[in-house]
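1. The following block contains a protein sequence and its predicted model.
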Amino acid sequence: MYRLLRAPFQPVTYSRWLHLCVPVLLLAVWMFIGPGTPWMPLLIVAPFGFVPWVRMAEGLQARFLLAPYEQDGDGGTISAEPSARWGDRWRTLLWLEVRMVLSSVALFATVWLPVTSVDLIGFAGGYGPRGGPEWLLPSTISPWAAALLAPLPLLLLLVVVVLLGELVTLLAGRLLGPSAAERLSALEARTEQLLERNRIARELHDSIGHALTVAVVQAGAARAAGNPEFTDRALSAIEETGRAALEDLERVLLVLRESAQPASQRPTLAEADRLLESARASGAPVEAELRGPLEKLPGPLTREGYRILQEALTNVLRHCGPVPVRVRVAMAGGRLELEVTNPLPELPRVSTGGGSGLRGIRERASLLGGEAETGPYEGGWRVLARLPLERIR
């Protein structure tokens, strides 16, 4: 009852009514062409159900008029895609037939119920013959009863409009709703979006986190040294690292803006010297061993390998400070190995990070079909990633 009382004040009530009245145009035209065959429009619309784009047109119209509250949301109950399979075509055909039938009922109610109210008012006032149907307006009714019953057809019209609107919306969700293939495609698109967001989060964590760690270590070392020459070198390293971080940040922001930034412009292992020099500028003695044609590595492997090496060096500087570091990047046995080892200080630094760096290393290696080991090794700490070459190719 509450829904019926609220229905006249809701715009969706009238938009659904309009949706029911749209096919009335075909019915009205056919009444002049073949009044003796009112069922013919059902045969006329049947072939259109097999046209793929008809389903899209019907879905868009149903979304706009039947469920406008779903326009700004995801996962709507009404699809707006062309028919891709015969099951979609048959459902579209059934939808067109059902819509014609419901439109006929809506047409009858829209025309005869208001006419009946007008006839009741006219009869109560003593005016001429009534034109409404006999079964809706009996001839034995008295004038005073006609005056009392005059509002009832209009209330009945409101009930019919609301119920037909609810029914046609429910049927639209069943007959024009997304098929299993469309739901699977939407789920895949959603999964790709989430993976892309996670990748961007890792990119920001690795690049910006590395730059900030280097800057903090450099600033602390310069303050502790009290040497103008060392301070000048530290400031230069901070400036260079900051510029590199700004470039990475701008690239990630371009991705967020859905720019056409190609993945090939991301840093690769061929640019590993930039990472090593950044770590050396922080005061950490870095011994590097780079073997093999790193510039010929497959794109995904060399880009993710760069991020793994970057995160490993960042962890060293963040947790251990400028301690000696040994880096080994080698191609051997059909795989790429990245190893970063360092001694552990007697008093480890207190870290405010969330500890997602090592997990990110393992995730990157796993996505490439490889594995990563992180933990104590020979009295120090080691990060070792083994990435297959053939599987990536």
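-> Structure received. Residues are numbered from 1 along each chain as shown.

2. Wait, residue 329 touches residue 297, no?
-> No. With contacts defined as C-beta atoms under 8 Å, residue 329 does not count as touching residue 297, sitting 10.0 Å away. (Glycine included, C-beta is placed from N, CA and C.)

3. who touches both of these two?
-> Taking C-beta atoms under 8 Å, 6 or more residues apart in numbering as the criterion, residue 329 and residue 297 both touch 269, 305, 336.

4. could these be laid out in a markdown table, adding secondary structure?
-> What follows is the shared contacts of residue 329 and residue 297, written out as a markdown table (DSSP: H, G, I helix; E, B strand; the rest coil):
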| residue | secondary structure |
| --- | --- |
| 269 | helix |
| 305 | helix |
| 336 | strand |
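
5. Check those against residue 169 and report the nearest one.
-> residue 305 (53.5 Å; C-beta to C-beta).

6. Contacts only, for that closest one.
-> Taking C-beta under 8 Å, 6+ apart as the test, what residue 305 contacts is 268, 269, 297, 329, 336, 338, 385, 387.

7. how about those, which pair is most distant?
-> So, those by C-beta to C-beta: farthest apart are 268 and 385, at 15.3 Å.

8. Next, the residues that contact stretch 4-15 from outside, please.
-> 64, 65, 66, 67, 68, 69, 158, 159, 161, 162, 165.

9. try 6 Å this time
-> 65, 162 (C-beta atoms under 6 Å, 6 or more residues apart in numbering).

10. Now do the end-to-end distance for it.
-> 16 Å (C-alpha to C-alpha, to the nearest Å).

11. In the stretch 51-200 of the chain, what residue spans correspond to strands?
-> Along the stretch 51-200 of the chain, no stretch is classed among the strands by DSSP state E, counting those that start in this stretch.

12. repeat for the stretch 201-350 of the chain
-> According to DSSP E, counting those that start in this stretch, the strands that the stretch 201-350 of the chain contains are 286-290, 325-332, 335-343.

13. would CSV of those strands with distance to residue 116 be doable?
-> Converted to CSV, the strands of the stretch 201-350 of the chain look like this (distance: least, C-beta to C-beta, whole Å):
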stretch, distance to residue 116
strand 286-290, 91
strand 325-332, 88
strand 335-343, 84
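
14. still on that earlier bit, of residue 268 and residue 385, which one has the most company?
-> Taking neighbours as other C-beta atoms under 10 Å, residue 268 and residue 385 compare with residue 385 leading, 26 against 18.

15. Just to be sure, that one is in a helix?
-> No. If the criterion is three-state DSSP, then residue 385 is strand and not within a helix.

16. ok, it touching residue 365?
-> Yes. With contact defined as C-beta atoms under 6 Å, residue 385 counts as touching residue 365 (4.9 Å).

17. Residues that sit against both of these two, list them.
-> residue 372.

18. Now do residue 81 against residue 49, distance only.
-> Residue 81 sits 15 Å away from residue 49, taking C-beta to C-beta, to the nearest Å as the criterion.

19. Please apply the same query to residue 382.
-> In terms of C-beta to C-beta, residue 382 sits 66 Å off from residue 49.

20. try residue 249
-> 53 Å.

21. between those two, who's got more neighbours?
-> Remark: of residue 249 and residue 49, residue 49 carries more neighbours, 20 against 15, as counted by other C-beta under 10 Å.

22. any weak-confidence spans in the stretch 51-200 of the chain?
-> 70-76, 128-141, 181, 184-189, 191-193, 195-196, 199 (pLDDT under 70).
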